[in-house]
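Student: Please find the sequence and the predicted model below.
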Amino acid sequence: MMALKTRRLAPLALAALAATAQAQDNSMFSFSGFATLGLVGTNTNDAQYATFGQLRGADKTWSGEVDSKLGLQGTAKFSPMFSATVQLLSKQNGDGNFNPALEWAFVKAQLNPGLSVRLGRMGGPFFAVSDFRDVGYANTWIRPPLDVYSQVPFSSFDGADLNFQTGTALGTWSAQVFGGQSTTVIAGTKVDLKKATGFNTTLEMDNGLSLRFGHVAGKLTAHTTTLAALVATIRQTPFTTTADELDPTDKKASFTGLGLNWDNGSWLVAAEYTQRRTDSYASDTNAWFLTVGHRIDKFTPYVTLSQIKNVDSNITNTIQPLTPGLAQLKAAVDGFVATQVRTQKTWALGVRWDFMRNTALKAQFDRIKPTGPGFFINTQPGFGTGNSVNVYSIAVDTVF
């Protein structure tokens with residue numbers, strides 16, 4: 001019964017348990033970590049499967065770079081009110097290396113049992129599992145469904161948040177408001193989110209049901225010299241409205257998400273519906289996923305369905321091919337817009353085996369049907385026109 005009760009905890013609680021596992025009761029400092037060793041392969045060499053922003057992925061040649069990662073975390077508790085947390089994370093980043101990055105670095109003031117304030121670098125609270133999306137052991141899947149979780153590439157932000165929690169007749173209600181900025185690198189391109197503000201609210205009921213709603217808005221800038229040169233060229237023509245739409249500087253962006261989790265100790269259900277809206281070349285998208293799993297002793301087989309659709313490319317190509325040069329410019333814009341199509345469908349089958357304490361072995365099969373490139377990288381001509389790709393994954397997750 002104790003094992004079942006522990007498994008019913010929310011993934012965030014599992015991560016917190018792992019974070020304190022090695023801390024001594026009276027110690028000011030606690031240290032913990034998490035790691036994933038994963039292998040991924042597909043049935044095609046016409047594209048590579050990767051998490052969004054990575055430079056290298058997997059094809060028929062299996063790769064250990066897509067999912068493998070190592071995280072180390074330390075917390076110092078100065079008093080019952082004040083504490084500080086630092087987390088370092090090493091995984092394949094947008095520059096194509098595994099250099100450790102400072103993922104978290106914040107101070108926290110617990111003003112009373114239900115109210116806290118944090119300041120510094122914190123996990124970007126954009127999704128239901130944002131704080132522990134990289135802690136594989138805290139999640140059922142090998143990786144969160146990419147059709148949903150690839151819409152926002154920022155995993156942390158620099159700023160402040162206010163967290164409130166209280167008990168209600170329905171269960172525990174929590175709310176978070178936050179503000180700040182974030183920077184990441186997507187396939188070698190630096191992207192900034194400035195003046196970001198948002199909120200999350202969650203209701204956790206005693207029957208294992210949890211409901212979440214969140215929203216964030218800010219100003220998006222992509223520092224891409226290739227696109228800047230294309231925009232500058234278009235500005236030398238009469239079709240400057242197209243240049244204005246393509247210009248990736250200081251554009252409005254927002255993200256909204258609805259989430260549901262239900263876990264009764266035997267069955268688990270997770271679902272999210274999300275919307276991304278921007279005034280930039282990053283297309284407007286709607287996405288969702290649904291996961292259903294069933295625990296059988298130490299095994300948890302699960303199935304996931306997910307989909308992302310382009311709602312609007314946000315670019316109206318007004319360039320008229322009046323000359324060969326303008327025809328080439330129009331084709332260049334159309335080609336660029338085509339690379340931003342993020343429409344694809346995925347169904348996945350997997351199983352998790354908790355074969356030893358704090359360690360799980362997972363195997364997962366994904367079948368993905370993209371329209372255009374989807375979230376595949378290094379695509380060959382013709383890819384995405386009716387292709388379906390099989391993705392095979394195996395991983396060992398641990399916390400220590």
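Tutor: That came through fine.
Student: I'd like to know how many residues surround residue 333.
Tutor: Other residues lying near residue 333 total 23 when counted by other CB atoms under 10 Å. Quick note: C-beta positions are derived from backbone N, CA and C, even for glycine.
Student: Next one: it from residue 368, what distance?
Tutor: Using CB to CB, to the nearest Å, residue 333 is found at 27 Å from residue 368.
Student: quick one: low-confidence parts of this structure?
Tutor: Residues of the chain meeting the criterion pLDDT under 70: 1-26.
Student: All the helices of it, residue numbers only.
Tutor: 2-7, 11-20, 146-149, 225-234, 240-246, 324-339 (DSSP state H).
Student: Same question for the fifth one: list its buried residues.
Tutor: Within helix 240-246, the residues that count as buried by 16 or more other CB atoms under 10 Å are 242-243, 245-246.
Student: Quickly name whichever of those is closest to residue 74.
Tutor: residue 246 (43.7 Å; CB to CB).
Student: Would you check that the closest one makes contact with residue 234?
Tutor: Yes. Between residue 246 and residue 234 a contact is recorded at 7.0 Å, counting by CB atoms under 8 Å.
Student: Residues in contact with both of the two, list them for me.
Tutor: Counting by CB atoms under 8 Å, 6 or more residues apart in numbering, the residues touching both residue 246 and residue 234 are residue 333.
Student: Any chance of TSV for the buried residues of helix 240-246, columns distance to residue 267?
Tutor: Shown next, in TSV, are the buried residues of helix 240-246 (distance: CB to CB, whole Å):
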residue	distance to residue 267
242	51
243	53
245	47
246	47
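Student: Closest to residue 32 out of those?
Tutor: Among the buried residues of helix 240-246, and counting by CB to CB, the member closest to residue 32 is residue 246, at 44.8 Å.
Student: list the contacts for residue 375?
Tutor: Counted by CB under 8 Å, 6+ apart, residue 375 has contacts 50, 52, 146-147, 150, 342, 344.
Student: any idea how far it is from residue 107?
Tutor: In terms of CB to CB, residue 375 sits 36 Å off from residue 107.
Student: same check, this time on residue 354
Tutor: 34 Å.
Student: what's the nearest residue to residue 199 once chain neighbours are set aside in contact with, if anything?
Tutor: Nearest non-adjacent residue to residue 199, counting by CB to CB, 6 or more residues apart in numbering: residue 177, 4.8 Å away. Neighbour list for residue 177: 161-162, 197-199 [criterion: CB under 8 Å, 6+ apart].
Student: filter those to the buried ones?
Tutor: So, by 16+ other CB under 10 Å, the buried ones in those are 161, 198-199.
Student: now these in TSV, with distance to residue 83?
Tutor: Below are those laid out as TSV (distance: CB to CB, whole Å):
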residue	distance to residue 83
161	15
198	24
199	23
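Student: Looking at those residues, which is nearest residue 256?
Tutor: For those, the residue nearest residue 256 by CB to CB is residue 198; the value is 9.4 Å.
Student: How much space separates that closest one from residue 130?
Tutor: Remark: distance between residue 198 and residue 130 (CB to CB) = 11 Å.
Student: before we move on, what about residue 312?
Tutor: Residue 312 is 25 Å from residue 130, by CB to CB.
Student: do the same with residue 138
Tutor: Counting by CB to CB, the gap from residue 138 to residue 130 is 12 Å.
Student: What's the local residue count around residue 152?
Tutor: When neighbours are counted by other CB under 10 Å, residue 152 comes out with 21.
Student: who's in contact with it?
Tutor: Contact criterion CB under 8 Å, 6+ apart gives 124, 126-127, 255, 276 as the residues in contact with residue 152.
Student: repeat that for 6 Å
Tutor: 126, 255 (CB atoms under 6 Å, 6 or more residues apart in numbering).
Student: just to revisit the earlier point, can you pull the residues that touch both of residue 198 and residue 130?
Tutor: In contact with both residue 198 and residue 130: no residue, using CB under 6 Å, 6+ apart.
Student: returning to that earlier point: return the member of the buried ones among the contacts of residue 177 nearest to residue 396.
Tutor: residue 161 (32.9 Å).
Student: partners of the spatially closest residue to residue 220 that is not a sequence neighbour in the sheet?
Tutor: Of all residues not flanking residue 220 in the chain, residue 253 sits nearest, at 4.1 Å (CB to CB, 6+ apart). Taking DSSP bridges as the rule, residue 253 bridges to residue 218, residue 278.
Student: Report the separation between the closest residue to residue 189 other than its chain neighbours and residue 314.
Tutor: Leaving out its chain neighbours, the residue that sits closest to residue 189 by CB to CB, 6+ apart is residue 224, at 4.9 Å. Going from residue 224 to residue 314 by CB to CB gives 16 Å.
Student: Tell me which stretches of the stretch 201-350 of the chain form strands.
Tutor: Applying DSSP state E, counting those that start in this stretch to the stretch 201-350 of the chain gives strands spanning 209-223, 251-263, 267-278, 284-294, 299-312, 343-356.
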